[in-house]
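Asks: sequence first, then the predicted structure:
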Amino acid sequence: MGAGESTGAGLSSAEVEERRNDGRTNAFTADTSRSIGSIVRANVFTLFNGVVGCCFLILLLLGRWQDALFGLSAVANAVIGSVQEFRAKLALDRLALLNAPLARVRRDGEELEIAPVEVVLDDLLVLRAGDQVPADAQVLASRGLQIDESMLTGESDAVDKRPGDEALSGSVVVGGEGRAQVIRVGADSYANAFQAEAKRFSMVGSELRTSINRVLRWVSWGIGPIGLLVLNAQVQVAGGWDSVFRTGSWVQAVVNTVASLTAMVPLGLVLMTSIAFAVGAAKLAAKKVLVNELPAVEGLARVDVVCLDKTGTLTLGEIAFDAVHPLTDAAPGWEDVLGWYGSAPDANATARCLGDVFTDPGLTAAGAISFSSARKWSAVSFPGAGTWVLGAPEMVFGSRASDSDDPLGRVVVANAAAGLRTLVLGHSPAELSDDDVEAERLPAGTAPAVVVTFREQVRDDAARTLAYFAEQGVGIRVISGDNPRTVAAIARQVGLDVDEGYDARTLPTDPTALADVLETHTVFGRVTPEQKKDMVVALQGRGHTVAMTGDGVNDALAIKTADIGIAMNSGAAATKAVARLVLLDGRFSHLPDVVAEGRQVIANIERVSMLFLTKTAYATGLAILFGALVLEFPFLPRQLSITDGLTIGLPAFFLALMPNARRYIPGFLRRSLSFALPSGIIIALTLTAYTLTARSLGVDMDQLRTGSTIILAIVGIWILSILSRPLNRYKVVVIGAMFIALTALFTIPLGTVFFQLTDPGEAAAYALTGYTIAAIAAIEIVRLFHRRFVRRSLSAVGGDAARH
């Protein structure tokens with residue numbers, strides 16, 4: 001230790017310079033949460049990119065680059081996936097845990113404000129309410145020092161710090177003041193160790209992504225055996241294993257097998273989902289909503305309960321003095337005491353409002369107990385003037401504060417019912433003893449003198465936002481640390497139909513009983529940070545998808561626990577880091593925009609997924625049928641690119657970005673497959689039947705492939721029109737453009753030569769017309785039953801929503 005650190009003077013300039021030269025500073029550069037290489041590997045070296053990449057490479061080696069166009073979708077999917085995760089990684093890296101602008105230290109006997117990175121080992125920190133501890137330190141002196149370590153240790157209650165205790169870096173001083181000596185800096189400090197552990201890249205839960213991955217797993221299980229079945233069939237058609245290598249016909253057999261396998265993989269669906277998420281996130285960014293993880297765009301649309309804090313969400317969060325209400329026989333001198341509270345060094349935001357109205361008379365305190373967020377009162381003694389206590393009425397005077405027959409209760413209840421925040425100033429003729437200060441105990445004989453009221457400005461958009469959620473069947477839970485009556489009054493001002501708020505101090509600790517209370521009450525006051533987390537868990541236990549809004553460090557646990565955590569940009573950096581969404585301008589009214597974007601993504605991806613999954617179904621069916629019947633595959637890979645691009649890929653891109661306000665309905669994959677599987681089976685059977693008919697008519701392979709491509713193109717366009725209903729001008733233009741493009745490819749010489757399209761022959765033309773009409777009719781019947789199935793799903797969800 002240097003000469004100065006054991007005294008109140010702090011380190012000397014020479015001692016600071018010595019530590020800088022030795023590297024004992026608080027400078028720290030954290031490793032990135034996930035390397036670029038790991039992100040790229042995770043998105044490029046996947047099973048499906050492996051399958052598609054192998055097929056792509058095989059066709060290039062065979063000189064059939066024209067049939068390898070499908071490889072571009074795999075490349076695009078890998079690029080978008082990498083960019084998506086890299087953007088989320090950057091957002092987490094930017095949200096550093098330590099966001100205190102300056103640290104306060106004593107050096108050479110003077111108090112200085114310096115950047116946290118300039119703090120050195122053994123520095124003497126001066127800590128006051130609102131400060132963030134810049135480095136791990138040992139408390140030397142404490143005057144009611146209380147520190148919130150919730151974002152570091154999970155302990156929600158503020159911790160009293162006494163000499164000898166440790167103050168951890170990244171924690172926040174919420175009450176009192178003190179001095180502490182730095183004992184760990186830089187990478188050794190708790191905050192940086194915590195940051196390295198907490199800054200892990202994690203993907204938010206997404207039904208869309210989970211469902212798509214499930215389909216991809218199913219396909220992966222079948223690719224191996226089905227591929228062998230198809231390859232054997234193509235080799236047998238080409239003359240058998242003995243002759244294909246002599247004649248060179250093995251090349252076409254491999255090309256046909258590649259065509260069947262790549263058609264089974266719905267790579268475009270993953271690509272469309274990533275694009276829809278990215279576009280949604282970009283649109284929300286323009287509305288001042290930062291999406292930390294793209295699938296969170298979907299997440300809020302699935303939420304059925306939103307838990308929100310009153311302060312900063314329903315109100316602007318700015319407290320202003322309203323009035324004083326002196327009680328009968330109030331002790332004299334209360335104006336001077338309120339002036340002292342308003343100018344006290346450790347005054348919180350509410351107390352500071354008093355300084356705008358009451359003048360500090362220069363009183364000298366003989367003893368004091370600093371404000372604590374846990375007990376919600378503070379006390380001060382003045383020589384010969386007794387003790388004054390300022391705090392929450394119910395915390396100082398208990399049940400008297402809510403008893404309308406008591407003079408104090410009448411004033412408190414009336415003002416709280418009007419939406420005003422209330423504090424009471426009480427007086428005791430006894431002065432605080434050392435034992436009282438040590439035990440943080442109220443002096444005997446304390447009587448109420450004055451009720452002080454404060455007002456909060458309600459956000460002008462709060463009522464409109466809550467009305468929107470009510471219309472959408474989303475439940476609201478208002479939770480606050482304020483008086484339950486005050487919170488309920490604010491809730492009524494913004495349109496919620498509530499009587500009195502529920503006092504969270506009487507909440508049951510049993511999760512089942514807690515969930516019962518949450519199902520029947522809307523507004524909760526005097527809620528502790530740990531209770532917020534318990535509330536989220538209890539609601540989730542009842543099957544709810546929960547969103548949690550907040551800004552303080554005390555909200556971090558609940559925000560991280562919620563399905564969708566929403567932080568205000570004015571909040572703590574660590575809170576924003578664990579949130580999925582950050583409201584950059586702090587306006588709660590943006591949440592309906594997030595819901596709308598999420599619903600658009602979910603509903604549109606469900607619609608286009610039926611296109612892609614129908615293709616997977618018929619491609620798998622064709623592979624199995626043609627393998628079992630030992631028939632030559634009726635398409636070249638490039639011909640499948642026509643139908644993939646013009647009946648699925650391009651129109652899906654436009655449809656995925658269309659407005660769609662349909663409410664979220666669980667069971668996306670089941671509904672999609674209920675249409676895709678029967679439709680895919682119909683198409684596979686139709687193409688198989690046409691192939692057998694065409695072979696019996698003696699048409700050559702080029703004609704057969706052309707006829708199959710025509711059937712698939714027309715039926716694909718029809719499915720596109722079915723899934724686009726009800727049609728509007730935009731959809732008609734998209735479908736019409738795809739039909740014109742198909743017609744052009746089948747008639748323009750450049751297209752017919754490249755895609756090897758020819759006249760299917762008169763007899764085959766009649767056959768393909770009949771099979772096409774039959775397939776369309778059968779798919780219309782499937783869609784009829786599918787719509788009934790979806791309506792039943794909607795009815796079931798509507799019943800659930802009504803119970804929220």
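Replies: Great, that's in hand.
Asks: which parts of stretch 360-377 are buried?
Replies: Neighbour counts over stretch 360-377 (16 or more other CB atoms under 10 Å) mark 363, 367-377 as buried. Heads up, the C-betas are built off the backbone N, CA and C, glycines and all.
Asks: strands along the stretch 51-200 of the chain, start to end?
Replies: Assigned by DSSP state E, counting those that start in this stretch, the stretch 51-200 of the chain shows strands spanning 103-107, 110-114, 124-128, 136-148, 159-160, 166-167, 172-184.
Asks: using TSV, please lay out the ones you listed together with distance to Gly525.
Replies: Listed next are the strands of the stretch 51-200 of the chain as TSV, based on distance: least, CB to CB, whole Å:
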stretch	distance to Gly525
strand 103-107	34
strand 110-114	37
strand 124-128	28
strand 136-148	20
strand 159-160	24
strand 166-167	31
strand 172-184	19
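Asks: which of these comes out lowest on mean pLDDT?
Replies: With a mean of 78, strand 159-160 has the lowest mean pLDDT of those.
Asks: check which helices and strands that strand sits against.
Replies: Packed against strand 159-160 by the contact rule (3 or more CB pairs under 8 Å, 6 or more residues apart in numbering; DSSP states H and E) you find strand 136-148.
Asks: what helices or strands is the strand it packs on leaning on?
Replies: Counting contacts by 3+ CB pairs under 8 Å, 6+ apart, strand 136-148 is packed against strand 124-128, strand 159-160, strand 166-167, strand 172-184, strand 367-369.
Asks: restricting to C-alpha, output the fourth one in CSV.
Replies: C-alpha atoms of strand 172-184 as CSV (Å, rounded to 0.1, in the frame of the first residue of the first chain):
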residue,chain,number,x,y,z
VAL,A,172,-25.1,0.6,-8.2
VAL,A,173,-25.3,2.7,-5.0
VAL,A,174,-29.0,3.2,-4.2
GLY,A,175,-28.8,4.9,-0.9
GLY,A,176,-26.4,6.6,1.6
GLU,A,177,-22.8,7.3,0.9
GLY,A,178,-19.4,5.9,1.8
ARG,A,179,-15.7,5.5,0.9
ALA,A,180,-14.1,2.3,-0.4
GLN,A,181,-10.6,1.2,-1.5
VAL,A,182,-10.1,-0.6,-4.8
ILE,A,183,-8.9,-4.1,-4.4
ARG,A,184,-9.3,-5.6,-7.9
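Asks: burial count for Ser795?
Replies: When neighbours are counted by other CB atoms under 10 Å, Ser795 registers 9.
Asks: so which strand or helix has it?
Replies: Following DSSP states H and E, one finds Ser795 within helix 762-802.
Asks: run a quick neighbour tally on the residue lying closest to Lys161 once chain neighbours are set aside.
Replies: Closest residue to Lys161 apart from its sequence neighbours, by CB to CB, 6 or more residues apart in numbering: Leu145 at 4.4 Å. Neighbourhood size, Leu145 [other CB under 10 Å]: 28.
Asks: so where's the stretch 551-700 of the chain shaky on pLDDT?
Replies: Along the stretch 551-700 of the chain, segments meeting pLDDT under 70 span 551-554, 556, 570-575, 577-578.
Asks: quick one, helices of it?
Replies: 556-561, 573-578, 591-628, 637-644, 650-656, 668-697 (DSSP state H, counting those that start in this stretch).
Asks: reformat those helices as CSV; add distance to Asp160 and mean neighbour count.
Replies: Output for those, formatted as CSV (distance: least, CB to CB, whole Å; neighbours: other CB atoms under 10 Å):
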stretch, distance to Asp160, mean neighbour count
helix 556-561, 20, 25
helix 573-578, 22, 25
helix 591-628, 37, 23
helix 637-644, 67, 23
helix 650-656, 55, 21
helix 668-697, 51, 20
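Asks: touching, Leu631 and Val237? I think so.
Replies: Yes: proximity of Leu631 to Val237 meets the contact threshold set by CB atoms under 8 Å, at 6.8 Å.
Asks: please, where are all the strands along the stretch 251-400 of the chain?
Replies: 289-291, 305-309, 315-326, 367-369, 377-382, 386-391.
Asks: what's the closest non-adjacent residue to the residue positioned nearest the centre of the chain?
Replies: By CA atoms, centre = their mean, the mean C-alpha position of the chain lies nearest to Arg580, the distance being 2.7 Å. Nearest residue to Arg580, sequence neighbours excluded (CB to CB, 6+ apart): Ala296, at 3.8 Å.
Asks: count of neighbours near that neighbour?
Replies: Other residues within reach of Ala296, judged by other CB under 10 Å, total 29.
Asks: local confidence estimate at it?
Replies: 77.
Asks: ok, which of the strands of the stretch 51-200 of the chain comes nearest Leu650?
Replies: Smallest distance to Leu650 across the strands of the stretch 51-200 of the chain (CB to CB): 52.9 Å, for strand 172-184.
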